[in-house]
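Visitor: what's the 3D shape of this:
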Amino acid sequence: MSMAAGITCVLLAAICLWIKPAKFEATASLTMAHVLGAPVETSLVLVEKIKSGTYFSPSAWAACGVDDSSDPGRKLADKIHPVSNRNAPFIGLSVTGNTTDGAMSCLALVIAEISAAQDALSRPTLAAKRGQLEEMRQSLVVMKASDNAAEKLQSGTGVNQQQFAIQTLWLSAAIARREVMRDLHRQIVDLEINLSAPLTHPSRLVSPIYAPPIPAGPPAAIILLCVFLAGVLLCGGLIWLRWAAAEQNPGPILG
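Guide: Here you go, the predicted model:
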């Protein structure tokens, strides 16, 4: 009887697996955009924005098949499972779909919209810092040109007592000016480094989107085996309970 119950459970489970469509999963990890060595926003803030339900566009809703929901934004957030990392500036995303291509298309559009939002956050700071860098470069060019012109003017004069005093004064001013120029040059180099990778970069994938062409979840054979064992144990438990009840309450003795 226990064996029959196990086989019955397996048949029911097999029918459910055949009726239910397979699900395929696509996963990715996305780093935050960085400006001057710092992320434009923390991973915790980004995850909360995604969960708010207003982060993505209708195009993303349609690509992920949630546009017919009453609250597609929140439905999409539940579907992509955003997970923040407290120790590193990146988030994990995971999407399931009826096909591998469907899951990948959904995740790719989600990542594209996150990257666009991160770029929008980076743009004002980058524009201000690049403008500052250009002003510093122009200032350095003007100072070098002024220094060269003054040096040519001094070298072309004769040396008498008055001119010697002027040249001495010019020399001390030139030394101070060149120190300022060296300091300005160092600031320019530091800012150029901070505005280039890896200290400044857009949001990017830690690795390519991973979407294996096999259904997500445990294999069907393992599911059927577990269901069979559960059916056998359940039926055996019911038989034991009936036997125990019969032992405790024996029927009337005939004779």
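
Visitor: Could you list the low-pLDDT ranges of the stretch 101-250 of the chain?
Guide: Within the stretch 101-250 of the chain, the stretches with pLDDT under 70 are 149-174, 216-250.

Visitor: change it to 50
Guide: 159, 164, 224 (pLDDT under 50).

Visitor: show me where it has strands.
Guide: Applying DSSP state E, counting those that start in this stretch to the stretch 101-250 of the chain gives strands spanning 204-205.

Visitor: what are the ranges of the helices in it?
Guide: For the stretch 101-250 of the chain, the helices defined by DSSP state H, counting those that start in this stretch occupy 161-194, 220-248.

Visitor: Where does the residue nearest to residue 210 when sequence neighbours are not counted sit: helix, strand or coil?
Guide: Leaving aside its chain neighbours, residue 210 sits nearest to residue 27 (5.1 Å; criterion: C-beta to C-beta, 6 or more residues apart in numbering). C-beta here means a position set from N, CA and C on the backbone, and glycine is covered the same way. Three-state call for residue 27 (DSSP: H, G, I helix; E, B strand; the rest coil): strand.

Visitor: and residue 27, what pLDDT?
Guide: Looking at residue 27, its pLDDT reads 94.

Visitor: Looking at strand pairing, list the partners for it.
Guide: On the basis of DSSP bridges, residue 27 is bridged to residue 94, residue 210.

Visitor: any idea how far residue 36 is from it?
Guide: 30 Å (C-beta to C-beta, to the nearest Å).

Visitor: Ok, residue 127 next?
Guide: Residue 127 sits 13 Å away from residue 36, going by C-beta to C-beta.

Visitor: got it, and residue 43?
Guide: To residue 36, residue 43 is 18 Å away according to C-beta to C-beta.

Visitor: quick one: which of the two has more around it?
Guide: Neighbour count, other C-beta atoms under 10 Å: between residue 43 and residue 36, residue 43 has more, with 22 against 13.

Visitor: isn't the more buried one right next to residue 31, touching?
Guide: No. Counting by C-beta atoms under 8 Å, residue 31 is not a contact partner of residue 43; they are 9.1 Å apart.

Visitor: Need the residues touching each of these two.
Guide: Here residue 43 and residue 31 have 89, 90 as joint contacts, going by C-beta atoms under 8 Å, 6 or more residues apart in numbering.

Visitor: What about residue 32, how many residues nearby?
Guide: Residue 32 sits with 25 neighbouring residues when counted by other C-beta under 10 Å.

Visitor: dump the residue contacts of residue 77.
Guide: Counting by C-beta under 8 Å, 6+ apart, residue 77 has contacts 50, 51, 52, 53, 55.

Visitor: mind running it again at 10 Å?
Guide: 47, 49, 50, 51, 52, 53, 55, 56, 66, 71, 110 (C-beta atoms under 10 Å, 6 or more residues apart in numbering).
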